[in-house]
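Peer 1: heads up, no residue letters with this:
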């Protein structure tokens, strides 16, 4: 992935064909340096709880999905993977 500012052309001039894009990027771009990892991370802010915490995952019903169909689909995936 390339940062948009590192592309060797304006996004309005984006090539239509991937090969043209790849050749332009490979010959005229450089890869940015990686970010340095922090030595430590600050504790999670206590204000997170004030805005509702991390949140919750929606139920299948909230996503307008049928629980029986979803269960059958997951069962088939598990059987296929075995």
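Peer 2: Perfect, I can see it now. Owing to the predicted nature of the structure, the values given are computational and were not obtained by experimental measurement.

Peer 1: Where does pLDDT dip in this protein?
Peer 2: Scanning the chain for pLDDT under 70 picks out 77-82.

Peer 1: show me where this structure has helices.
Peer 2: Assigned by DSSP state H, the chain shows helices spanning 18-28, 47-50, 67-81.

Peer 1: Check the offset of the first one from the chain's centre.
Peer 2: Okay, so that is helix 18-28. Relative to its chain's centre, helix 18-28 lies at 24 Å (Cα atoms, centre = their mean, to the nearest Å).

Peer 1: What lies in contact with it?
Peer 2: Identification of contacts with helix 18-28 by Cβ atoms under 8 Å, 6 or more residues apart in numbering yields 2, 7, 8, 9, 14, 15. C-beta: built from backbone N, CA, C; applies to glycine.

Peer 1: okay if I get the residues you listed as TSV plus neighbour count and distance to residue 45?
Peer 2: Converted to TSV, the contacts of helix 18-28 look like this (neighbours: other Cβ atoms under 10 Å; distance: Cβ to Cβ, whole Å):
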residue	neighbour count	distance to residue 45
2	13	33
7	16	36
8	14	41
9	14	41
14	11	40
15	13	44
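
Peer 1: how close does residue 69 get to residue 40?
Peer 2: 46 Å (Cβ to Cβ, to the nearest Å).

Peer 1: Looking at those two, which is more packed in?
Peer 2: Taking neighbours as other Cβ atoms under 10 Å, residue 69 and residue 40 compare with residue 69 leading, 10 against 5.

Peer 1: Need the outlier residue of this structure, farthest from its centre.
Peer 2: Distance from the C-alpha centroid of the chain peaks at residue 68, with 29.0 Å (Cα atoms, centre = their mean).

Peer 1: picking up where we left off before, include distance to residue 21 when you put the contacts of helix 18-28 into CSV, please.
Peer 2: Formatted as CSV, the contacts of helix 18-28 follow (distance: Cβ to Cβ, whole Å):
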residue, distance to residue 21
2, 10
7, 9
8, 10
9, 9
14, 7
15, 5
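
Peer 1: Farthest-apart pair in these, please.
Peer 2: The most widely separated members of the contacts of helix 18-28 are 2 and 15, with 13.2 Å between them, by Cβ to Cβ.

Peer 1: Can you measure across stretch 33-51, start residue to end residue?
Peer 2: The first residue of stretch 33-51 is 35 Å away from its last residue (Cα to Cα, to the nearest Å).
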